[in-house]
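From the sequence below, what's the structure:
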Amino acid sequence: MRDKLYIGIDLGTSACKLLLVDENGAVLNEVTREYSLSFPQPGWSEQRPEDWWDAVLEGVPYLLTGFDPNQVAGMGCGGQMHGLVALDEHDEVIRPAILWNDGRTAAQVDYLNNEVGRDKLSQYTANIAFAGFTAPKLLWMREHEPDNFAKIHKIMLPKDYINYKLTGVHCTDYSDASGMLLLDVEHKRWSREMCALCGVTEQQLPRLYESWEVVGTLKPDAAKALGLPTSAKVCAGAGTMRTRRWAPA
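The predicted structure follows:
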């Protein structure tokens, strides 16, 4: 029996880092593909989700140089938290993702913390509002981009977009979801109260998984593009926090 190989994807703010490991966790190869950030206005930070996927498409074949792709048994993706990825009814990206280090939501954070109230937010989500969280971004989008907001069919986080492109499944894990200010952490379900506050439905949010759970296998088109077998499993993955927060001046 041939040894199995596994691919790890770290979807960072400035680059996608790919790792190939064997069954024992030994690192066999590493590849990095960079992409750009956009700062449309002072304090704003955006990125094209399509660029993340392009980085995976380009990086995986290089990662597997000298290895048998048919030995790849599974993949997992971790990534930058809090970013708002909005898809329409055709699963097309509606607008560039608003990232974790974006600072445009001061008014929405003030509304959530001071008008809705920190106590209620803590009761609903075990958290309070911060500018980087996803819920304030949705409120900002509803106020400033109502046409785009009306198109939202699915709300995702950055690494979840990659998992969707790999499997066709709209998914997220509890660690990433906990930073959206939309998760009822105590009961491990989407908060009905926060959905109502943000003007979205539970149906617009992805299905919740544990980080280690398999969400699906590679779609035929994704497998072909990556040169991998359709039998390769994809796990939900996890959000990764950076210890330092910043926003562009």
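
Okay, buried residues for the top helix by length along the chain please.
Criterion DSSP state H: the longest helix present in the chain is helix 49-63. Neighbour counts over helix 49-63 (16 or more other Cβ atoms under 10 Å) mark 49, 51-53, 55-56, 59-60, 63 as buried. For every residue, glycine as well, the C-beta is placed using N, CA and C.

burial measure for the nearest residue to Asp54 once chain neighbours are set aside, as a count.
Nearest residue to Asp54, sequence neighbours excluded (Cβ to Cβ, 6 or more residues apart in numbering): Tyr35, at 7.6 Å. For Tyr35, the count of nearby residues is 17 (other Cβ atoms under 10 Å).

Next, the contact list for Tyr35, please.
14-16, 47-48, 51-52, 54-55 (Cβ atoms under 8 Å, 6 or more residues apart in numbering).

what stretches of the protein score poorly on pLDDT?
1, 241-249 (pLDDT under 70).

now the helices for it?
Assigned by DSSP H, the helices in the chain fall at 49-63, 106-110, 118-125, 134-144, 146-150, 158-167, 174-177, 192-198, 220-226.

and among the ones you listed, the most buried is which?
helix 158-167 (a mean of 26; mean count of other Cβ atoms under 10 Å).

could you say what helices and strands that helix packs with?
Secondary-structure packing of helix 158-167 (3 or more Cβ pairs under 8 Å, 6 or more residues apart in numbering; DSSP states H and E): strand 5-11, helix 49-63, strand 72-80, strand 85-87, strand 171-173, strand 214-217, helix 220-226, strand 233-235.

what's next to it, contact-wise?
In contact with helix 158-167 (Cβ under 8 Å, 6+ apart) are residues 9, 11, 47, 49, 52-53, 56, 75, 77-81, 83, 85, 87, 91, 93, 97, 156, 169-172, 176, 206, 215-219, 222, 234, 236-239.

Run the angle between that helix and helix 49-63 for me.
Between helix 158-167 and helix 49-63, the angle comes out at 60 degrees (axes from the mean of the first three to the mean of the last three Cα atoms, to 10 degrees).

I'd like the distance from helix 158-167 to the chain centre, please.
Relative to the centre of its chain, helix 158-167 is centred 7 Å away, using Cα atoms, centre = their mean, to the nearest Å.

Extract the C-alpha trace of it and format it as CSV.
What follows is helix 158-167, C-alpha atoms only, in CSV (Å, rounded to 0.1, in the frame of the first residue of the first chain):
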residue,chain,number,x,y,z
PRO,A,158,-12.0,33.4,3.6
LYS,A,159,-10.9,29.8,4.1
ASP,A,160,-14.6,28.6,3.6
TYR,A,161,-14.5,30.1,0.1
ILE,A,162,-11.6,27.8,-0.7
ASN,A,163,-13.4,24.8,0.7
TYR,A,164,-16.5,25.7,-1.3
LYS,A,165,-14.3,25.9,-4.5
LEU,A,166,-12.9,22.5,-3.6
THR,A,167,-16.1,20.7,-2.7
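
quick one, that helix and strand 72-80 angle?
150 degrees.

Is there a quick ChimeraX command that grabs whichever of the contacts of helix 158-167 are buried?
Remark: buried members of the contacts of helix 158-167, expressed as a ChimeraX selection using 16+ other Cβ under 10 Å:
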select :9,11,47,49,52,53,56,75,77,78,79,80,81,83,85,87,93,97,156,169,170,171,172,176,206,215,216,217,218,219,222,234,236,237,238,239
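
can you pull the contacts of Phe67?
Residues in contact with Phe67 (Cβ under 8 Å, 6+ apart) are 5, 20, 28-29.

correction: Met194
Contacts of Met194 (Cβ under 8 Å, 6+ apart): 124-125, 135, 181-182, 184.
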